[in-house]
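# My questions concern the predicted model and sequence given below.
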Amino acid sequence: MKKTMMLAAFLAASQAQAHVTLEQATGVADTYQKLTFRVGHGCDGSPTKSITVLLPESVIGTKPMQKAGWKIKTVEGKLSVPVEAHGRKITTAVREVTWTGGPLADEFFDEFTVQSKLPAEAGKLYFRVVQECVKGSMAWDEMPGEAGVKLKAPAPALDVLPADGAAHQH
Ligand SMILES: [Cu+2]
């Protein structure tokens with residue numbers, strides 16, 4: 001019985017990894033965080049030719065990591081609420097990062113990395129990802145709804161922990 005349950009848990013975990021997922025499950029509020037998006041497969045077997053990460057409104061200071069064989073394009077946008085960073089008022093920030101290249105065959109996985117500044121408030125963040133393939137595309141943009149309902153294409157999620165809560169627990 002116990003063995004069966006462990007196997008079920010293992011299968012659930014490996015299925016989750018087969019999507020587009022975030023390697024980091026948690027981050028600390030108000031810090032610069034490395035975010036690694038793992039692409040586990042193509043679109044229905046078709047190779048991946050581009051990945052676009054859409055940044056949540058509260059995430060600023062994003063810098064993509066260079067990647068051999070892939071070109072990077074960023075899109076800046078206006079923030080609805082200006083934020084302060086390094087003693088300066090920031091009104092625009094990178095809102096999208098696109099890597100174009102590959103193509104990444106379905107038989108392989110790959111990682112796409114940015115560094116971003118997380119918001120001061122703790123909570124859950126969702127990073128929508130668009131995967132373009134040689135044939136077709138996938139939108140990883142589903143938000144969790146009712147408990148127990150399995151999503152087909154969930155948006156990668158990050159748990160932002162309070163800045164002091166991470167250091168000591170009660
Ligand atoms: Cu998958």
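Perfect, thanks for sending it.
# quick one: contacts for C43?
Q131, C133, K135, G136, S137, M138 (CB atoms under 8 Å, 6 or more residues apart in numbering). C-beta here means a position set from N, CA and C on the backbone, and glycine is covered the same way.
# With K49 instead?
T100, G101, G102, P103, L104, E132, C133, V134.
# neighbours around the residue nearest to it when sequence neighbours are not counted, how many?
Leaving aside its chain neighbours, K49 sits nearest to P103 (4.6 Å; criterion: CB to CB, 6 or more residues apart in numbering). Residues lying near P103 (other CB atoms under 10 Å) number 16.
# Then the one 4 residues further on?
Neighbours of E107 under the rule other CB under 10 Å: 9.
# residue ranges with poor pLDDT in this protein?
Scanning the chain for pLDDT under 70 picks out the ranges 1-17, 165-170.
# What segments of it are helices?
2-18 (DSSP state H).
# Up against the ion, what does this protein have?
A18, H19 (CB under 5 Å from the ion).
# now the strands: where do they sit in the chain?
Here the chain has its strands, by DSSP state E, at 20-22, 26-28, 32-39, 48-54, 60-64, 70-85, 88-104, 110-117, 123-126, 128-133, 137-140, 157-161.
# Is it possible to get TSV of those that adds distance to A147?
Putting the strands of the chain into TSV (distance: least, CB to CB, whole Å) gives the following:
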stretch	distance to A147
strand 20-22	20
strand 26-28	21
strand 32-39	25
strand 48-54	25
strand 60-64	32
strand 70-85	31
strand 88-104	31
strand 110-117	29
strand 123-126	15
strand 128-133	22
strand 137-140	20
strand 157-161	15
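# A105 reaches G42, doesn't it?
Yes. Counting by CB atoms under 8 Å, A105 touches G42, with 7.2 Å between them.
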